[in-house]
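Undergrad: Got a predicted structure here, sequence first:
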Amino acid sequence: MAIDRTISLRLVETRRLAGSGPLHPVDRVQQAVARANEIYADTGIEFRIRSIESHHMPHLYKYVRDKDAEGCSHGRNFCWTWADVRDELRQVFPNAPVDAYPDDDHKSAGYWLIAMATFYSDPAEILVWLVEESAERSGAAGPRTGRMVFVNQPDIWSTEFDIPTTTLGHEIGHFLGLKHVIDSSLHPGYTHCDRWDEIFIPGTPNVFFSSREDARCDDPDVRYIMKVANDNSQISVLGAYGPIQITLNGTVYQASGSGVDEELKGIFRATGSVHAPPNSWGFAMNAMPGEFPVDPLDGHIPRFFSDSQLATMEDFLTNDVEFDAKYKNLWLTAAGDIPVGAIPGSLTSLRSRLGARTFKVNSYQLVVHDKQRPYDFQGQGVRYPDAQIMIWTDDGRLFRLFFLPDDEALVQHYEPQPMRANVFLFSRQYQQCVDALRNDAPLYVWWDAVAGDFYLSSNQELPGEGES
Ligand SMILES: [Zn+2]
């Protein structure tokens, strides 16, 4: 069984300072997505980058959630009114009208990020906030709570090993309905049988399950393998890279590169996609561990999803569920209304639409047409744009669109290396670009060096082109 979905990711970096660059170079974000694709390789789900964007969001750069669902008090702990944040958010969601919420409606920064992604992001893709700071590391809105993933920027990269972490793939797992393997709670409508390869019934011998259909998994004595092992400190790592021994009710089970006891098949596999460094992992571990205390069970070990997790993801990708009332209330206006202009169906998970439309960029999707030789950018110095959009084409070309203040003299475009082009546009053209990209329309960027002018157009030919 495998799911066949190609899902676009829209990665949106929040920036505190207008002049600062993103924390990570773009290739690190790309590598984090590649890492997620390694983890999902066996599931049939593949992620493609639709865009990596960076926005100046001085009120919202930090993910802070109000623990109190009743609301927050203005200005304290990143609690902002719609009037405070609407311009920042409408950079990301130009489809949200100015009056989406009443001006004095207020939410904590994290809740604005979830609410807006829930009501205004494209259901065919996953919006991933790459927040500059977070009060609580990284996370995701689960299928019954909202639509968005957020990753604290430092979390996507292991500075210790200089490799991408598994965090992005893990958080998307939550987005698709998965719990940690040490978490025994269930989504409404699900039973422990739906997590058959993560559970057992203590006994002599212990009882394990090989399918959802086994009636015994509904027994009140069902326990979660990793929760029991973790609570009782019954996990041992015998060498730097394994094997791992798990003791359950007095019986020892093992996982190593030479084999994994059948009972642990939902938690460990003998082989995974080996990732370096360290490159000698002999086994792979479930992608949704939760808080594992044992070094080196850290974020860099190869990961996989179990068969029961795959079934759960398939469920949530097939059947849309309503959000829980508590969460609906957090995202609605203070008066309890759906904000103006919200996308249809935005109070349900809409995950059935994920991957329904992939963002197809190819060599003719975006064309930078230069009427003369590329502008020599040498000696121009580093510039920090207000906003930028990056577009990768299927043949490996990268276009970076920089949006400069409307009153600046435009540098036209330059190509720092083959297959790479930087294009400078005015901020007033930003929305046109975003709209064009959102609609998957071909977008042509033309510049006329003689007139010093730019054209954004859906026409393949500049007016007058081809005449002599
Ligand atoms: Zn988690």
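TA: Thanks, I have it. Quick caveat: nothing in here was measured; it's all calculated off a predicted structure. Numbers count the residues shown, from 1 in each chain.

Undergrad: contacting residues for the most centrally placed residue in the chain?
TA: Residue closest to the mean C-alpha point of the chain, counted by Cα atoms, centre = their mean, is V128 at 3.6 Å. For V128, the contact set (Cβ atoms under 8 Å, 6 or more residues apart in numbering) comprises L9, R10, L11, V12, M148, V149, F150, V151, L168, E171. To be clear about C-beta, it is placed using only N, CA and C from the backbone, and glycine gets the same treatment.

Undergrad: any chance of these in TSV, with neighbour count and secondary structure too?
TA: Below are the contacts of V128 laid out as TSV (neighbours: other Cβ atoms under 10 Å; DSSP: H, G, I helix; E, B strand; the rest coil):
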residue	neighbour count	secondary structure
L9	23	strand
R10	22	strand
L11	25	strand
V12	24	strand
M148	24	coil
V149	24	strand
F150	25	strand
V151	27	strand
L168	28	helix
E171	26	helix
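
Undergrad: quick one: the residue nearest to the centre of the chain is in a helix?
TA: No. Looking at V128 with DSSP: H, G, I helix; E, B strand; the rest coil, it is strand, so not inside a helix.

Undergrad: Do a quick rundown of the helices in the stretch 51-200 of the chain.
TA: Counting by DSSP state H, counting those that start in this stretch, the stretch 51-200 of the chain has helices at residues 82-92, 109-120, 167-175.

Undergrad: Distance to H59 and mean pLDDT added to these, as a markdown table?
TA: Below are the helices of the stretch 51-200 of the chain laid out as a markdown table (distance: least, Cβ to Cβ, whole Å; pLDDT from 0 to 100):
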| stretch | distance to H59 | mean pLDDT |
| --- | --- | --- |
| helix 82-92 | 5 | 93 |
| helix 109-120 | 6 | 96 |
| helix 167-175 | 23 | 95 |
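
Undergrad: wait, which of the ones you listed is closest to P302?
TA: The closest of these to P302 is helix 167-175. By Cβ to Cβ, the value is 11.2 Å.

Undergrad: about what we covered before: for the residue nearest to the centre of the chain, give the beta-bridge partners.
TA: Beta-bridge partners recorded for V128 (DSSP bridges): L11, V149.

Undergrad: count of residues packed around the spatially closest residue to R65 that is not a sequence neighbour?
TA: The shortest distance from R65 to any non-neighbouring residue, by Cβ to Cβ, 6 or more residues apart in numbering, is to G110 (4.0 Å). Using other Cβ atoms under 10 Å, G110 has 23 neighbouring residues.

Undergrad: For G110, give me its contacts.
TA: Y63, V64, R65, D66, F78, A135, F150.

Undergrad: what's the farthest-apart pair in those?
TA: Greatest spatial distance among those (Cβ to Cβ): D66 and F150, at 15.1 Å.

Undergrad: related to what we said a few turns ago, export the helices of the stretch 51-200 of the chain to a markdown table and tack on distance to R216?
TA: Shown next, in a markdown table, are the helices of the stretch 51-200 of the chain (distance: least, Cβ to Cβ, whole Å):
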| stretch | distance to R216 |
| --- | --- |
| helix 82-92 | 49 |
| helix 109-120 | 39 |
| helix 167-175 | 27 |
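
Undergrad: Lowest mean pLDDT among the helices and strands of the protein, which one is it?
TA: None of the helices or strands of the chain scores lower by mean pLDDT, DSSP states H and E than strand 366-370, at a mean of 45.

Undergrad: Would you mark the buried spots in the top helix by length along the chain?
TA: When the chain is scanned for its longest helix (criterion: DSSP state H), the result is helix 26-39. By neighbour count on 16 or more other Cβ atoms under 10 Å, the buried set for helix 26-39 is V26, R28, V29, Q30, Q31, A32, V33, R35, A36, N37, E38, I39.

Undergrad: chain center to it, what's the gap?
TA: Helix 26-39 sits 11 Å away from the centroid of its parent chain (Cα atoms, centre = their mean, to the nearest Å).

Undergrad: what about that helix, average pLDDT?
TA: Averaging pLDDT along helix 26-39 gives 89.

Undergrad: Now do that helix and helix 167-175, the angle between them.
TA: 50 degrees (axes from the mean of the first three to the mean of the last three Cα atoms, to 10 degrees).

Undergrad: partners of the one helix or strand I49 maps to, with directions?
TA: Using DSSP states H and E, the element containing I49 is strand 45-56. Paired strands of strand 45-56, with direction, are strand 5-15 (parallel), strand 387-392 (antiparallel) (DSSP bridges).

Undergrad: now, of these, which is deepest in the fold?
TA: Neighbour counts (mean count of other Cβ atoms under 10 Å) averaged over each of the strands paired with strand 45-56 peak at strand 5-15, with a mean of 23.

Undergrad: can you list contacts of it?
TA: 22-23, 29, 33, 44-57, 60-62, 92, 113, 121-122, 124-132, 153, 317, 354-355, 358-359.

Undergrad: related to what we said a few turns ago, go through the contacts of V128 and name the one nearest R303.
TA: Checking those one by one against R303 (Cβ to Cβ), the nearest turns out to be L168, at 11.3 Å.

Undergrad: where's that closest one relative to G345, distance?
TA: As for L168, its distance to G345 is 26 Å (criterion: Cβ to Cβ, to the nearest Å).

Undergrad: now swap in N95 and tell me
TA: For N95, the distance to G345 - Cβ to Cβ - is 15 Å.

Undergrad: any weak-confidence spans in the protein?
TA: Low-confidence segments of the chain, defined by pLDDT under 70: 1, 19-22, 67-71, 239-242, 271-282, 291-300, 357-388, 392-396, 410-416, 434-468.

Undergrad: try 50
TA: By pLDDT under 50, the low-scoring segments of the chain are 273-275, 277, 293-297, 360-385, 464-468.

Undergrad: re the thing from before, which ChimeraX command selects the buried ones in the contacts of strand 5-15?
TA: Only the buried entries of the contacts of strand 5-15 go into this ChimeraX selection, using 16+ other Cβ under 10 Å:
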select :22,23,29,33,45,46,47,48,49,50,51,52,53,54,55,56,57,60,61,62,92,113,121,122,124,125,126,127,128,129,130,131,132,153,317,354,355,358,359
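
Undergrad: burial measure for L401, as a count.
TA: Residues contacting L401 under the criterion other Cβ under 10 Å number 28.

Undergrad: May I have the beta-bridge partners of it?
TA: I389, V423.

Undergrad: try I244
TA: Residues in beta-bridge contact with I244 (DSSP bridges): V237, A255.

Undergrad: Run a quick neighbour tally on it.
TA: Close neighbours of I244, defined as other Cβ under 10 Å, add up to 24.
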